[in-house]
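K.L.:
What follows is a predicted protein model with its sequence.
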Amino acid sequence: MDNEAEDAATEALGIYPWMWKNPEKQGKLKKRGHKRKNWKTRWFVIQHDKLFYFQDAPKHNETLEMLQPKGGALLRDAKISITKEVGKENCLQIVETSGKQHYIIGCSSNEAEEWLEAMKKGASVPDRPINVEHTAHLSPSRASELDAILNKDDPLVHLQEFKKTTRGGCSVLWTAFDVRYKQKVAVKVLQVTKKNFKYIIS
């Protein structure tokens with residue numbers, strides 16, 4: 001799959017680079033394929049309640065947000081444990097709420113335990129209900145650039161529970177929950193260029 005096809009595929013799934021650009025944990029692990037059941041080394045990252053894996057780690061002139069994930073898993077409410085079900089040591093099993101299973105191997109028992117702890121943290125992200133029955137609009141008088149009011153190193157660090165509501169032109173409108181103020185917010189994602197996005201919150 002070429003880069004443009006990968007971009008289109010991840011966008012269709014509602015996956016954007018800011019979802020993995022500032023991970024809580026990242027490193028090299030082995031994963032079992034879903035079809036051939038073979039084991040391949042991949043670069044894994046955990047950010048909030050999502051796990052992504054990439055073909056390789058970023059090269060010296062690359063950043064994570066420049067890469068396209070090969071796949072991933074939603075950790076929220078997933079069942080995660082160390083297992084010997086596949087006959088491998090230091091093997092983690094992830095069972096998503098959809099029933100999809102993932103098997104991942106660490107290099108050592110300590111590494112497996114560290115990843116287990118990080119994944120369980122992502123699995124326990126609270127899922128507060130969000131009322132999205134009405135259409136959210138961004139008021140020019142209230143709207144602010146997201147990176148002006150949040151941590152510039154991770155503009156989404158205070159936001160959880162993203163849900164896409166509408167799409168139009170070069171923008172996508174999401175709802176999210178701001179954990180600082182305990183309230184629902186609207187987040188508009190504007191695609192400035194192929195690799196650059198602007199975030200507006202209200």
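P.N.:
That came through fine.
K.L.:
So which bits of the longest helix seen in the chain are buried?
P.N.:
Scanning the chain for the helix with the most residues, using DSSP state H, yields helix 109-123. If you call a residue buried by 16 or more other C-beta atoms under 10 Å, then helix 109-123 has these buried ones: 112, 115-116, 118-119, 122-123. For every residue, glycine as well, the C-beta is placed using N, CA and C.
K.L.:
Can you dump the C-alpha atoms of it in CSV for me?
P.N.:
This file holds the C-alpha atoms of helix 109-123, laid out as CSV (Å, rounded to 0.1, in the frame of the first residue of the first chain):
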residue,chain,number,x,y,z
SER,A,109,9.2,-10.7,31.8
ASN,A,110,9.9,-7.2,33.1
GLU,A,111,9.2,-5.6,29.7
ALA,A,112,5.9,-7.6,29.4
GLU,A,113,4.8,-6.4,32.9
GLU,A,114,5.6,-2.8,32.0
TRP,A,115,3.5,-3.0,28.8
LEU,A,116,0.7,-4.8,30.7
GLU,A,117,0.5,-2.0,33.2
ALA,A,118,0.5,0.7,30.5
MET,A,119,-2.2,-1.2,28.5
LYS,A,120,-4.4,-1.7,31.5
LYS,A,121,-4.1,2.1,32.2
GLY,A,122,-5.5,2.7,28.8
ALA,A,123,-8.2,0.1,29.3
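K.L.:
helices or strands next to it in the packing?
P.N.:
strand 25-32, strand 39-47, strand 50-54, strand 79-83, strand 91-95 (3 or more C-beta pairs under 8 Å, 6 or more residues apart in numbering; DSSP states H and E).
K.L.:
what do you get if the cut-off is 10 Å, keeping everything else the same?
P.N.:
In this structure, helix 109-123 packs against strand 25-32, strand 39-47, strand 50-54, strand 71-74, strand 79-83, strand 91-95, strand 101-105, with contacts taken as 3 or more C-beta pairs under 10 Å, 6 or more residues apart in numbering; DSSP states H and E.
K.L.:
for those, which one sits closest to residue 62?
P.N.:
Nearest to residue 62, of all the helices and strands packed on helix 109-123, is strand 50-54, at 10.4 Å by C-beta to C-beta.
K.L.:
how far off helix 109-123 does the closest one point, in degrees?
P.N.:
130 degrees (axes from the mean of the first three to the mean of the last three C-alpha atoms, to 10 degrees).
K.L.:
Just checking, which helix or strand of the protein averages the lowest pLDDT?
P.N.:
helix 146-149 (a mean of 39; mean pLDDT, DSSP states H and E).
K.L.:
quick revisit: now flag whichever of the buried residues of helix 109-123 is closest to residue 177.
P.N.:
residue 122 (15.7 Å).
K.L.:
OK, contacts around the closest residue to the closest one other than its chain neighbours?
P.N.:
The shortest distance from residue 122 to any non-neighbouring residue, by C-beta to C-beta, 6 or more residues apart in numbering, is to residue 75 (3.6 Å). Contacts for residue 75 (C-beta atoms under 10 Å, 6 or more residues apart in numbering) come out as 46-51, 94, 96-97, 118-125.
K.L.:
so of the helices and strands packed on helix 109-123, which one's packed in deepest?
P.N.:
Looking across the helices and strands packed on helix 109-123 with neighbours counted as mean count of other C-beta atoms under 10 Å, the highest average goes to strand 50-54: a mean of 22.
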